[in-house]
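Visitor: Need a 3D model of the following:
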Amino acid sequence: MPADNVRNLDNKVCAKTISRVHKLEEPDATRNVDSTVDPGPVETDSETDSQCRWSTVVKKTNKRASNVRAEQTSPVVSVKKARKPVIGSAKVASITAVVKRKRKANVFATRFPPDQSADNLKRYLDGKLNVNVTCLLLKSKYPEYYRTFYVSAEVDDPKVFLDGHIWPEGSFIRWFKPSEKVQRSNTRKTDYMDDDSNGDAE
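Guide: You can find the predicted model right below:
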């Protein structure tokens with residue numbers, strides 16, 4: 001056998017021996033892995049990141065809870081129409097209804113001219129309201145400029161006293177709660193009293 005062939009054979013034997021030694025030294029990575037199970041495709045980092053981002057963007061809402069909140073914030077209120085009362089108008093001789101009680105109205109009337117008298121104002125209001133009006137002159141702070149009166153009467157609707165069409169132009173009218181002094185003066189039928197205690201406006 002030539003020397004070159006012997007040298008090549010020795011090199012092949014050495015190479016095989018070295019490869020066997022390397023295989024024995026390397027750990028068997030697939031020793032605990034079942035060779036029959038296919039692990040499947042391995043997810044990359046980019047695919048995992050995209051799935052994470054998608055899960056944070058997509059959000060399911062509870063439709064039932066949103067409907068309940070909408071009903072609580074905007075409740076439906078049903079408005080009931082007020083029924084108008086019926087007033088009888090038949091003329092029955094044997095049956096009559098109770099007569100409506102009249103109410104006493106008290107007003108404070110001022111800014112009348114200095115020569116205006118209580119009797120003159122009373123006659124004027126008696127004709128306008130068709131009732132018996134009580135008119136008392138009150139002492140004004142500036143009697144040389146204007147006069148003030150306390151006017152009262154029993155009427156069906158006290159609001160008729162606040163109708164501006166029945167009062168002279170420029171006069172000032174307001175509700176008036178008479179004090180005890182004014183009531184006593186009215187009982188004594190006096191027509192003049194002190195304006196400092198003429199009651200309170202309502």
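Visitor: buried ones in stretch 139-148?
Guide: Within stretch 139-148, the residues that qualify as buried by neighbour count (16 or more other C-beta atoms under 10 Å) are 140, 146-148. Using the backbone N, CA and C atoms, a C-beta is placed for each residue, glycine as well.
Visitor: Quick one: those residues as CSV, columns for pLDDT, secondary structure and distance to residue 110 too.
Guide: Rendered in CSV, the data for the buried residues of stretch 139-148 read as follows (pLDDT from 0 to 100; DSSP: H, G, I helix; E, B strand; the rest coil; distance: C-beta to C-beta, whole Å):
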residue, pLDDT, secondary structure, distance to residue 110
140, 86, coil, 7
146, 94, coil, 6
147, 95, strand, 7
148, 95, strand, 4
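Visitor: list the helices and strands the helix or strand containing residue 137 packs on?
Guide: Following DSSP states H and E, the helix or strand that holds residue 137 is strand 134-138. The criterion is 3 or more C-beta pairs under 8 Å, 6 or more residues apart in numbering; DSSP states H and E, and the helices and strands that strand 134-138 contacts are helix 118-129, strand 147-155, helix 180-187, strand 192-193.
Visitor: Strand partners (parallel or antiparallel) of that strand?
Guide: strand 147-155 (antiparallel), strand 192-193 (parallel) (DSSP bridges).
Visitor: Which of the ones you listed has the lowest mean pLDDT?
Guide: Set side by side, those differ in mean pLDDT, and strand 192-193 is lowest with a mean of 44.
Visitor: Specify the beta-bridge partners of residue 148.
Guide: On DSSP bridges, the residues paired with residue 148 through beta bridges are residue 138.
Visitor: I'd guessed it sits against residue 140; true?
Guide: Yes - in terms of C-beta atoms under 8 Å, residue 148 counts as a neighbour of residue 140; the distance is 4.8 Å.
Visitor: who touches residue 166 in this structure?
Guide: Under the criterion of C-beta atoms under 8 Å, 6 or more residues apart in numbering, the contact partners of residue 166 comprise 125, 128-129, 160.
Visitor: Closest one to residue 87 out of the residues you listed, please.
Guide: residue 160 (19.5 Å; C-beta to C-beta).
Visitor: ok, for that closest one, nearest residue in space, not its chain neighbours?
Guide: In space, and not counting its chain neighbours, residue 160 is closest to residue 129: 6.4 Å by C-beta to C-beta, 6 or more residues apart in numbering.
Visitor: can you tell me how far the one you found sits from residue 94?
Guide: Remark: distance between residue 129 and residue 94 (C-beta to C-beta, to the nearest Å) = 33 Å.
Visitor: Between these two, which is the more surrounded one?
Guide: For the pair residue 129 and residue 94, the greater number of neighbours falls to residue 129 (17 against 4), based on other C-beta atoms under 10 Å.
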